[in-house]
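Q: Sequence below, structure please.
(one chain, ligands or ions: 3)
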Amino acid sequence: MSSAVALKQDSDQTLGSGEAVQLTATAPGQQDLLTPAALELLADLHQRFEPARQARLAARRQRQVRFDAGELPDFRADTRAIREADWTVASLPAALLDRRVEITGPVDPKMVINALNSGANCFMADFEDSTSPTWANLIAGQQAMRAAVAGTLEHLAGNGKRYALKPFAEQAVLLVRPRGWHLDEKHVLVDGQPMSASLFDAGLFAFHNAAALAPKDRGPYFYLPKLECMEEAALWNDVFGHVERALGLPIGQIKVTVLIETLPAAFEMDEILHALRGRIAGLNCGRWDYIFSYIKTLRAHPDRVLPERGQVGMTAPFLRAYSELLIQTCHRRGAHAMGGMAAQIPINNDPAANDVALAKVRADKLREVTAGHDGTWVAHPALIPLAREVFDERMPGPHQQHVARTDVCVGRDDLLKPAVGTVTRAGFDGNVEVCVRYLAAWLDGGGCVPIHWLMEDAATAEIARAQLWQWLHHERLARAAGHADPEPLHLDDGTPIDFPLLDRALIGLPARLGDRRMLPGGSRINEAIGMLDRLSHADTLEDFLTIPAYRRLD
Ligand SMILES: CC(=O)SCCNC(=O)CCNC(=O)[C@H](O)C(C)(C)COP(=O)(O)OP(=O)(O)OC[C@H]1O[C@@H](n2cnc3c(N)ncnc32)[C@H](O)[C@@H]1OP(=O)(O)O
Ligand SMILES: O=CC(=O)O
Ligand SMILES: [Mg+2]
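A: Numbering: from 1, shown residues only. Ligands and ions are numbered 1, 2, ... in the order given. A predicted model of the protein is given here:
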């Protein structure tokens with residue numbers, strides 16, 4: 001670990017000497033978390049791994065330049081030996097053997113208590129897609145994690161309802177999802193530079209909780225988001241190896257599950273498992289970011305434009321191929337193949353509509369367990385009994401790794417084959433509405449919101465704004481790709497998808513939304529409309545919505 005760390009908090013308060021960590025914001029109770037020793041670990045992680053992170057991000061940009069020039073993703077020639085050799089990942093810890101139902105959600109204390117008490121096998125506490133990373137949210141989330149692991153987490157709601165944890169044996173197993181490699185944590189500067197949000201979230205969680213987890217036969221367990229290739233997985237492996245040494249943990253104590261939620265990563269599932277083989281417990285189908293990544297990666301390929309989001313289900317060719325390849329790959333290597341998230345949530349005030357929503361969730365879980373997944377995700381506690389029932393019926397053991405799926409034969413074309421369908425006016429306007437409402441909520445500190453009874457988070461908002469951009473720029477992109485006399489895309493009623501259509505949707509949105517005081521982030525709606533307008537008109541597709549949005553946070 002690096003030498004002593006100087007801590008400057010706001011007013012240049014210096015607690016030590018040597019390298020400087022500067023905190024640019026304050027939140028209640030942060031002194032208990034950001035102790036000199038914790039900051040020393042964070043500074044050390046930054047100094048060791050920031051150059052490699054930046055190199056990986058540069059490699060992403062270079063790869064995208066090639067895709068924009070017409071190249072298509074493919075399996076790597078230089079890693080063929082890894083794919084062809086027989087090897088398996090390290091054995092799984094007992095706590096991660098049966099993961100049939102996992103609940104996910106933001107990290108505020110009430111959600112954390114509800115999720116841990118929910119009866120799900122596991123809980124993924126999410127610092128990424130469903131958390132808006134205000135400094136207050138991050139500090140409160142890390143405090144909630146520490147108190148949850150200590151068994152002391154309590155919450156008193158505004159309505160007077162008290163929340164407390166069930167006994168440890170009845171709680172879901174905790175996994176934490178740190179933010180992805182692309183995000184900075186601007187409130188922590190090391191040597192004057194913002195540190196990686198991934199290293200901040202994961203490093204701080206491990207620092208405060210590894211010792212308390214060990215006597216319970218647990219460790220810091222992580223879900224790793226938005227990886228694009230094996231080198232990014234190897235970087236995580238190096239980080240965790242170093243954290244284990246720094247904290248005196250046995251090597252391999254930190255376990256990970258990797259979300260396969262980018263198109264490039266789907267071509268490197270074996271390689272990612274291999275890079276993390278001493279600590280990986282499984283892969284997960286992060287379907288929403290995967291759809292976003294398909295659009296983003298193939299943005300300049302006019303023959304691979306997707307229809308509106310509602311028509312892109314898991315039975316679409318490229319999604320079916322990816323989930324089946326994930327199951328086959330995981331089971332060959334001794335890892336769990338986790339399913340993903342249906343977006344429907346319970347509809348409290350309309351029993352008939354609720355039945356339809358639950359039927360869609362049931363069909364999704366049935367598809368997953370029948371295909372060979374070892375577990376699934378739910379967004380809401382009320383969906384746990386349904387998911388459990390479907391998995392219990394078809395998966396009598398703790399998992400189904402014995403289902404080898406040798407019948408699956410997925411090649412490059414299968415992973416790239418687009419869904420067929422249309423863009424309706426409702427689909428176009430729906431993308432505008434979801435993006436604006438989600439962005440407004442996010443800017444106001446809310447990371448996950450129900451909109452028209454669907455769970456909307458950063459990944460689904462990314463689909464909405466990336467689709468809008470790709471549809472609107474289609475004619476220009478097609479011309480650049482060599483198509484003679486390309487036309488704009490059209491809605492199914494014949495209306496051209498052009499900027500006047502977007503302008504009309506944006507101008508009409510406030511009236512459609514009604515009383516914005518009733519909406520999460522209602523006061524930020526105009527700002528969100530302005531952002532979507534700019535992002536949609538820009539000649540280049542912004543990599544992540546949350547990067548420009550983060551500049552406006554705090
Ligand atoms: C693409 C991806 O990355 S998916 C993973 C990221 N997304 C998620 O994790 C989604 C998590 N889900 C949620 O945040 C919520 O379910 C929402 C925002 C969609 C809906 O939440 P609400 O509007 O509060 O739903 P609702 O009012 O029906 O909740 C009823 C109760 O269940 C609780 N609840 C709802 N979802 C969850 C959850 N995921 N975890 C724990 N508790 C939950 C609520 O806190 C509430 O508790 P209370 O009765 O004690 O007040
Ligand atoms: O993180 C999950 C996803 O679907 O995206
Ligand atoms: Mg995701």
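
Q: is it true that residue 182 touches residue 226?
A: Yes. Assessed by C-beta atoms under 8 Å, residue 182 is found in contact with residue 226 at 7.0 Å. (C-beta placed from N, C-alpha, C; glycine too.)

Q: Near ligand 2, which residues of this structure are found?
A: When proximity is defined as C-beta under 6 Å from any ligand atom, the chain approaches ligand 2 at 129, 259, 261, 286-289, 340-341, 459.

Q: Would you format the residues you listed as CSV with distance to ligand 3 and pLDDT included?
A: Listed next are the residues of the chain next to ligand 2 as CSV, based on distance: C-beta to the ion, whole Å; pLDDT from 0 to 100:
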residue, distance to ligand 3, pLDDT
129, 4, 97
259, 6, 98
261, 5, 98
286, 4, 98
287, 8, 98
288, 6, 98
289, 3, 98
340, 9, 98
341, 9, 97
459, 4, 97
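
Q: Can you find the helix or strand in the chain with the smallest mean pLDDT?
A: Every helix and strand in the chain was compared by mean pLDDT, DSSP states H and E; the lowest is strand 13-14, with a mean of 36.

Q: after that one, next one along is what?
A: Proceeding N to C from strand 13-14, the next assigned helix or strand is strand 19-23, under DSSP states H and E.

Q: now that following strand, how far from the centre of its chain.
A: Remark: strand 19-23 is offset 29 Å from the chain centroid, using C-alpha atoms, centre = their mean, to the nearest Å.

Q: Give the rounded mean pLDDT of that strand.
A: The pLDDT scores in strand 19-23 average 86.

Q: Specify the next element, helix or strand, located C-terminal of that strand.
A: Next in sequence after strand 19-23, counting helices and strands by DSSP H and E, comes helix 30-33.

Q: Any buried residues in that next one, and which?
A: Within helix 30-33, the residues that qualify as buried are 30, 33, counting by 16 or more other C-beta atoms under 10 Å.

Q: chain center to it, what's the gap?
A: On C-alpha atoms, centre = their mean, the centre of helix 30-33 falls 26 Å from the chain's centre.

Q: Mean confidence (pLDDT) on the helix or strand just after it, please.
A: Using DSSP H and E, the next helix or strand after helix 30-33 towards the C-terminus is helix 36-68. Throughout helix 36-68, pLDDT has a mean value of 98.

Q: So for the helix or strand just after helix 36-68, what gets flagged as buried?
A: Following helix 36-68 in sequence order, the next helix or strand is helix 80-84 (DSSP H and E). By neighbour count on 16+ other C-beta under 10 Å, the buried set for helix 80-84 is residue 82.

Q: So for helix 80-84, mean pLDDT?
A: Mean pLDDT, helix 80-84: 98.

Q: All the strands of the stretch 51-200 of the chain, residue numbers only.
A: Using DSSP state E, counting those that start in this stretch, the strands of the stretch 51-200 of the chain run over 101-105, 122-126, 154-156, 162-164, 173-177, 184-190, 193-196.

Q: oh, I was asking about the stretch 301-450 of the chain
A: Under the criterion DSSP E, counting those that start in this stretch, the stretch 301-450 of the chain contains strands at 336-338, 376-378, 449-451.

Q: Please state the backbone phi and psi of residue 257?
A: phi -120, psi 130 (degrees, to the nearest 10).

Q: my guess is it meets residue 227, correct?
A: No. The pair residue 257 and residue 227 does not pass the contact test of C-beta under 8 Å, sitting 11.3 Å apart.

Q: Domain-wise, how is the protein divided?
A: With domains defined by automatic domain parsing, the chain comprises 40-414, 423-551.

Q: Just give me how far the longest one sits from the chain centre.
A: Shown here is domain 40-414, whose average C-alpha point lies 7 Å from the average C-alpha point of the whole chain (C-alpha atoms, centre = their mean).

Q: same thing with the last one?
A: Put simply, domain 423-551 sits 20 Å off its chain's centre (C-alpha atoms, centre = their mean).

Q: just stretch 39-55 next, same as before
A: On C-alpha atoms, centre = their mean, the centre of stretch 39-55 falls 22 Å from that of its chain.

Q: about what we covered before: quick one, which of residue 182 and residue 226 is more surrounded?
A: The residue with more neighbours, out of residue 182 and residue 226, is residue 226; 26 against 19, by other C-beta atoms under 10 Å.

Q: Can you give me the pLDDT of that one?
A: For residue 226, the predicted pLDDT is 98.

Q: how close does it get to residue 293?
A: Residue 226 sits 8 Å away from residue 293, taking C-beta to C-beta, to the nearest Å as the criterion.

Q: where do the contact lists of the two overlap?
A: The contact sets of residue 226 and residue 293 overlap at 261-262 (C-beta atoms under 8 Å, 6 or more residues apart in numbering).

Q: How about the contacts made by whichever residue of the stretch 151-300 of the chain sits closest to ligand 1?
A: In the stretch 151-300 of the chain, the residue that lies nearest ligand 1 is residue 288 (3.9 Å; C-beta to the nearest ligand atom). Shown in contact with residue 288 (C-beta under 8 Å, 6+ apart): 129, 261, 340-341, 343, 457, 459-460, 462-463.

Q: Could you check the angle the one helix or strand it maps to makes with helix 36-68?
A: Here residue 288 sits within helix 287-297, counting by DSSP H and E. Orientation of helix 287-297 against helix 36-68 (axes from the mean of the first three to the mean of the last three C-alpha atoms, to 10 degrees) gives an angle of 50 degrees.

Q: Using PDB, list the CA coordinates for helix 287-297.
A: The C-alpha coordinates for helix 287-297 follow below in PDB (Å, rounded to 0.1, in the frame of the first residue of the first chain):
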ATOM      1  CA  ARG A 287     -30.400  -7.900 -21.200                       C
ATOM      2  CA  TRP A 288     -31.200  -4.200 -21.000                       C
ATOM      3  CA  ASP A 289     -27.700  -2.900 -21.300                       C
ATOM      4  CA  TYR A 290     -27.000  -5.700 -23.800                       C
ATOM      5  CA  ILE A 291     -29.700  -4.200 -26.100                       C
ATOM      6  CA  PHE A 292     -28.300  -0.800 -25.500                       C
ATOM      7  CA  SER A 293     -24.800  -2.100 -26.400                       C
ATOM      8  CA  TYR A 294     -26.100  -3.700 -29.500                       C
ATOM      9  CA  ILE A 295     -27.500  -0.400 -30.700                       C
ATOM     10  CA  LYS A 296     -24.400   1.500 -29.600                       C
ATOM     11  CA  THR A 297     -21.800  -0.900 -31.100                       C
END
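
Q: Name the residues that touch stretch 321-332?
A: 260, 266, 269-270, 273, 282-283, 285, 287, 290, 314, 336-337, 339, 368, 371-374, 400-406, 408, 410, 414-415, 417.

Q: swap that for stretch 54-61, sorry
A: By C-beta under 8 Å, 6+ apart, the surrounding residues in contact with stretch 54-61 are 181-182, 228-229, 231-232, 235.

Q: List the buried residues of that stretch.
A: Buried residues in stretch 54-61 (16+ other C-beta under 10 Å): 56, 60.
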